[in-house]
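> All I have is the shape, not the residue letters:
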């Protein structure tokens, strides 16, 4: 039981359910906090008025607003959200809780003349101990809910791909990708080209010939490459990947997101949130 729970900590987890959704959840949490302060009266705030306790809730909401703004618009630039896990989200939640508690202590200290710092930090310590369990359960609940939704979504997409699989190989399209370097290009076709991966100032073009997959480097950006492939059965599923849809055999997924499986090579290509709609639209177009 314990081993299974610890294993769950490393399960993929969505970095965010969306800024608006997180802020609505934070608002209701702050309402609960306001009632909590009203009934428990920590920090020795028995003398505080109802208005002061309401302000406690507002201070908590402002703290949450700052936290989620940093998470959505700043921190996200420096981390790989595709590798976000349940454990990382719990640690982030505890950090947010600590940040929030500091805000509340600051407000309590400005509100009261005889403020007990020892009592305040004891309150933070016990809040952390109590909060770990509900945070863990919350994350598991969200993870399981998203996993069920992803399974249903994947089943629907694979049904469409299964019905159209025999039709995807009917026509062969010639494909030529020209490099930024003069007289440098790669000539292939839609039956050989599997996918293209961006690698700094280059792209790696993966081609299957004689049942063997090989990569060929070309000095050109993925953005320029995509413009050269307009009208061909290529779709961008990630900022670093273009996939030949003629070779997509099925879709797999978990609570974190989707992956494209190519042919029988079991090559897995990630589908980022940014390009998810484009991929799903491409599959639904097969109807």
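Looks like it arrived, so ask away. Fair warning: this is a prediction, and the values are worked out from it, not measured in the lab.
> List the residues that contact residue 224.
Counting by Cβ atoms under 8 Å, 6 or more residues apart in numbering, residue 224 makes contact with residue 180. All C-beta atoms are positioned from the backbone trio N, CA, C, and that covers glycine.
> That one and residue 85, how far apart?
Separation of residue 224 from residue 85 (Cβ to Cβ, to the nearest Å): 35 Å.
> Spell out which residues make up each domain of the chain.
2-152, 168-285 (automatic domain parsing).
> For residue 160, which of those domains is the nearest?
Relative to residue 160, the nearest member of the domains of the chain by Cβ to Cβ is domain 168-285, separated by 5.4 Å.
> same question for the closest one, mean pLDDT?
On average, the pLDDT along domain 168-285 is 86.
> Stretch 148-164 too?
79.
> What residues are bridge-paired with residue 215?
residue 206 (DSSP bridges).
> What's the local residue count around it?
Counted with other Cβ atoms under 10 Å, the neighbours of residue 215 add up to 14.
> That one touches residue 202, doesn't it?
No: with contact defined as Cβ atoms under 8 Å, residue 215 does not reach residue 202; the gap is 10.3 Å.
> Quick check: neighbours shared by these two?
Contacts common to residue 215 and residue 202, judged by Cβ under 8 Å, 6+ apart, are absent.
> Going along the chain, name the strands of the protein.
With DSSP state E, the ranges of strands along the chain come out as 174-178, 185-189, 193-199, 202-209, 212-218, 234-238, 241-244, 248-253, 258-262, 267-271.
> JSON lines for the ones you listed, including distance to residue 25?
Formatted as JSON lines, those follow (distance: least, Cβ to Cβ, whole Å):
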{"stretch": "strand 174-178", "distance to residue 25": "46"}
{"stretch": "strand 185-189", "distance to residue 25": "49"}
{"stretch": "strand 193-199", "distance to residue 25": "35"}
{"stretch": "strand 202-209", "distance to residue 25": "41"}
{"stretch": "strand 212-218", "distance to residue 25": "44"}
{"stretch": "strand 234-238", "distance to residue 25": "28"}
{"stretch": "strand 241-244", "distance to residue 25": "32"}
{"stretch": "strand 248-253", "distance to residue 25": "24"}
{"stretch": "strand 258-262", "distance to residue 25": "24"}
{"stretch": "strand 267-271", "distance to residue 25": "26"}
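> of the domains of the chain, which approaches residue 159 most closely?
The nearest among those, by Cβ to Cβ, is domain 168-285 at 9.9 Å.
> can I get the domains of the chain in JSON lines with distance to residue 159?
As requested, these are exported to JSON lines (distance: least, Cβ to Cβ, whole Å):
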{"stretch": "domain 2-152", "distance to residue 159": "11"}
{"stretch": "domain 168-285", "distance to residue 159": "10"}
